[in-house]
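Engineer: Predicted model and sequence below, questions to follow.
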Amino acid sequence: MWERKLQHPMLSNASIKSPWSGETFGLNLRFLLIVTVFVANAIEPLIHAMPEMKALFLWIFTFHMPLFVGVTGYFARSNLFSEKGNRILRQIALQYVVFQSIYSLLDYLLFRVPGVTHSFFVPYLLLWFLIGHLVWRIVLRVFIHKGVKHPVLWSIALGVLVGFIPFGGAWFAISRTFVYLPFFVIGYSCSLESLRKRVTIPIRIIGALVSAGLLVGLYLLAPQIEPIWLMNNMTFNELGWIHDGLSAIMLRFAIYLIEFIASIAFLAWVPQRICAITDLGRRTLYVFLLHGLIVRFAEYFGLYQHVTSGIAVSLLIIFSIGCTVLLAQPIVRNIAHPLIEPNGEAVFGWVRRDAWRQRMKHS
């Protein structure tokens, strides 16, 4: 049965009824995931020079986006439909236009990141998530309206088939959007309260060992693994897998299996009670949309030229965690609210009124 009980994935202000509730677990998880997002983007410039950073980067990529998409689906359960759901779709679209413009302009003038296409049809790096979020909501609404049976299996099939598209996977973020669609569907249909209850102490110990073992294994295998395999932003042709379609399908399934195992194992690290990070988990949208600017400016000002030792890397990671906490503070929301959460109703209302005035003028 499809459940719709909770609130917008990154904008929720609902009170937490119990220190042991599923929502508490979800907010704690969301904050830890946005920490890993920031850390992964911060260490990415180092992965080709430092094997340890490549292993950490690969480890993070096995779970952080699958879980982040999953928890986004979970918090979408109360606002997928009705006018509230439509309003969220409009706001996501407006957020994309605003931040695609900001990041693209700064990249054109300052950052000059290699390989970036400045177009509204190609999301700027991390902004693919906004396109994905928009599409996931629309696809899931279609699934539910049409009464699609086994939506997880259908979404996995779409995640595999998207690898065969005859154009670049970055256009409209189509590759990542459909590869991660199954996790959004799973998150929407699961109960974090039930999941939290199943994460008992023995399970947490096993999960922590599996998660740590995966990190060690990735360190040992890092020279043989290409990071782009786990980024899911390329088609099979772009990855060089198209020569054997069956092998490409099996590789996509293998990556899905690794991501599923890594995601379940990572849950062992998530606190279940209300704690210092719970409230911060309400404002992960602010961290997500703003942290890329910090990373890009760090590269622009040559910070990474000085990150050449273990101590410097440790300080970089601590800095990333500290910035995550800072960007999740209420004061940041108070200041950046008009930019991060623009009034979509006012903007789209103005567009509709302007279109009506133009029609009246011509008539």
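Structural biologist: Sure, I can see it.
Engineer: Look up how far residue 96 lies from the nearest residue to residue 170 once chain neighbours are set aside.
Structural biologist: Once flanking residues are discounted, residue 170 sits nearest to residue 122: 5.3 Å by CB to CB, 6 or more residues apart in numbering. Yep, even glycine has a C-beta here, placed from its N, CA and C like the rest. From residue 122 over to residue 96 the distance is 12 Å, taken as CB to CB, to the nearest Å.
Engineer: can you check residue 213 too?
Structural biologist: For residue 213, the distance to residue 96 (CB to CB) stands at 38 Å.
Engineer: Settle it for me: which of these two has more neighbours?
Structural biologist: residue 96 (21 against 11; other CB atoms under 10 Å).
Engineer: after the strand or helix carrying that one, next one along is what?
Structural biologist: Assessed by DSSP states H and E, residue 96 sits inside helix 82-106. On the C-terminal side of helix 82-106, the nearest following helix or strand under DSSP H and E is helix 128-145.
Engineer: Counting by contacts, list what that next one packs against.
Structural biologist: helix 64-75, helix 82-106, helix 151-161, helix 174-179, helix 181-189 (3 or more CB pairs under 8 Å, 6 or more residues apart in numbering; DSSP states H and E).
Engineer: For my notes, please list these in JSON lines and give mean pLDDT for each entry.
Structural biologist: As requested, the helices and strands packed on helix 128-145 are exported to JSON lines (pLDDT from 0 to 100):
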{"stretch": "helix 64-75", "mean pLDDT": "96"}
{"stretch": "helix 82-106", "mean pLDDT": "94"}
{"stretch": "helix 151-161", "mean pLDDT": "97"}
{"stretch": "helix 174-179", "mean pLDDT": "98"}
{"stretch": "helix 181-189", "mean pLDDT": "97"}
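Engineer: picking that back up, which elements pack onto the helix holding residue 96?
Structural biologist: Right, helix 82-106 is packed against helix 128-145, helix 284-300, helix 344-362 by 3+ CB pairs under 8 Å, 6+ apart.
Engineer: Pull out the buried positions in it.
Structural biologist: Residues of helix 82-106 classed as buried by neighbour count (16 or more other CB atoms under 10 Å): 85, 88-89, 91-96, 98-100, 102-104, 106.
Engineer: gap between that helix and the chain center?
Structural biologist: Here helix 82-106 is found 15 Å from its chain centre; the criterion is CA atoms, centre = their mean, to the nearest Å.
Engineer: Also stretch 170-184?
Structural biologist: Using CA atoms, centre = their mean, the offset of stretch 170-184 from its chain centre is 11 Å.
Engineer: Would you mark the buried spots in it?
Structural biologist: In terms of neighbour count (16+ other CB under 10 Å), stretch 170-184 has its buried residues at 170, 172-184.
Engineer: In CSV, list those along with distance to residue 162.
Structural biologist: Below are the buried residues of stretch 170-184 laid out as CSV (distance: CB to CB, whole Å):
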residue, distance to residue 162
170, 12
172, 11
173, 11
174, 6
175, 6
176, 9
177, 8
178, 4
179, 6
180, 10
181, 9
182, 12
183, 14
184, 14
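Engineer: mean pLDDT for the helices and strands packed on helix 82-106: which is lowest?
Structural biologist: Among these, helix 344-362 has the lowest mean pLDDT, at a mean of 56.
Engineer: Please work out the average pLDDT along the helix or strand hosting residue 203.
Structural biologist: Per DSSP H and E, residue 203 falls inside helix 201-221. For helix 201-221, the mean pLDDT works out to 95.
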